[in-house]
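Q: Next comes the sequence, and after it the predicted model I'd like to discuss.
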Amino acid sequence: MNTQSTYQPSMFQLRGRIGRVRYLVYSFLLSVLLALCLMALTLVVGDSDAGFAAVKGLAIAGSLALTLVLGARRLRDLNQQLWIAATLLIPLVNIAVYLWLLFAPGGRDANFYGPPPGPNTRGVLAAAWAIPVLFVAALVTAVVLAPHKSEAERARVGMAQAI
């Protein structure tokens with residue numbers, strides 16, 4: 001019988017281990033949160049070139065920080081060196097590393113980085129199932145609405161020519 005202790009990870013922790021399901025969910029939710037914040041900032045700065053450059057810089061910095069923190073937390077669960085998270089910043093290499101982090105099973109026992117994360121909550125599992133459903137829904141919506149967009153564009157051009 002394994003009486004080893006576990007801990008319940010939080011999305012906003014900088015330390016600790018996370019399993020692959022939490023890695024997927026936290027990556028997705030934090031990316032959506034970052035995108036919403038950046039959209040709000042874009043609305044605030046308006047059409048200013050300097051403002052847009054600042055928002056772009058914040059987007060890059062935020063994305064890099066999220067990538068490195070979540071990658072490091074997942075690597076702790078795999079009992080790997082944390083420098084590997086830097087490979088997530090290398091184009092094309094990052095795809096292979098991300099897939100490895102997403103699908104490799106983590107350690108069940110305590111390791112150098114601490115005890116294993118506790119079982120996934122219902123909320124985490126529901127979010128993990130919702131991500132592919134949202135992806136498929138967005139894909140279907142894009143395919144269905146794409147012809148309508150071109151029809152709307154043709155109508156707009158026709159109206160502009162008529163005026």
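A: Received the coordinates, thanks.
Q: pLDDT-wise, which helix or strand of this structure ranks last?
A: Sorted by mean pLDDT, DSSP states H and E, the helices and strands of the chain end with helix 122-162, the least confident at a mean of 81.
Q: same for that one, what does it pack against?
A: If contacts are counted by 3 or more Cβ pairs under 8 Å, 6 or more residues apart in numbering; DSSP states H and E, helix 122-162 sits against helix 20-45. Any C-beta I mention is one placed from the backbone N, CA and C, and that applies to glycine too.
Q: Please tell me how far the helix it packs on is from the chain's geometric centre.
A: How far helix 20-45 lies from its chain's middle: 7 Å, per Cα atoms, centre = their mean, to the nearest Å.
Q: what's the angle from that helix to helix 122-162?
A: Helix 20-45 runs at 40 degrees relative to helix 122-162, counting by axes from the mean of the first three to the mean of the last three Cα atoms, to 10 degrees.
Q: Could I get the buried residue list for helix 20-45?
A: Going by neighbour count (16 or more other Cβ atoms under 10 Å), the buried part of helix 20-45 is 20-28, 30, 34, 38.
Q: following it, which helix or strand shows up next?
A: helix 49-77 (DSSP states H and E).
Q: pLDDT of that following helix, averaged?
A: Taken as a whole, helix 49-77 has a mean pLDDT of 88.
Q: in stretch 100-119, what counts as buried?
A: Here stretch 100-119 shows 100-101, 106, 111, 113, 116-117 as buried, counting by 16+ other Cβ under 10 Å.
Q: Mark which of these are part of helices, please.
A: With helices defined by DSSP state H, the entries of these inside them are 100-101.
Q: wait, which of the buried residues of stretch 100-119 is closest to Glu153?
A: Leu101 (40.6 Å; Cβ to Cβ).
Q: Pretty sure the closest one sits against Gly71.
A: Yes. Contact criterion Cβ atoms under 8 Å: Leu101 and Gly71 qualify, at 6.4 Å.
Q: Strands - which of the buried residues of stretch 100-119 land there?
A: Among these, DSSP state E puts none in strands.
Q: Looking at the buried residues of stretch 100-119, which is nearest Asp47?
A: For those, the nearest to Asp47 is Leu101 (38.7 Å; Cβ to Cβ).
Q: who's in contact with the closest one?
A: 20, 23, 71, 74-75, 78 (Cβ atoms under 8 Å, 6 or more residues apart in numbering).
Q: Domains in the protein, by residue range?
A: 1-119, 121-163 (automatic domain parsing).
Q: Just name the most buried of those domains.
A: domain 1-119 (a mean of 15; mean count of other Cβ atoms under 10 Å).
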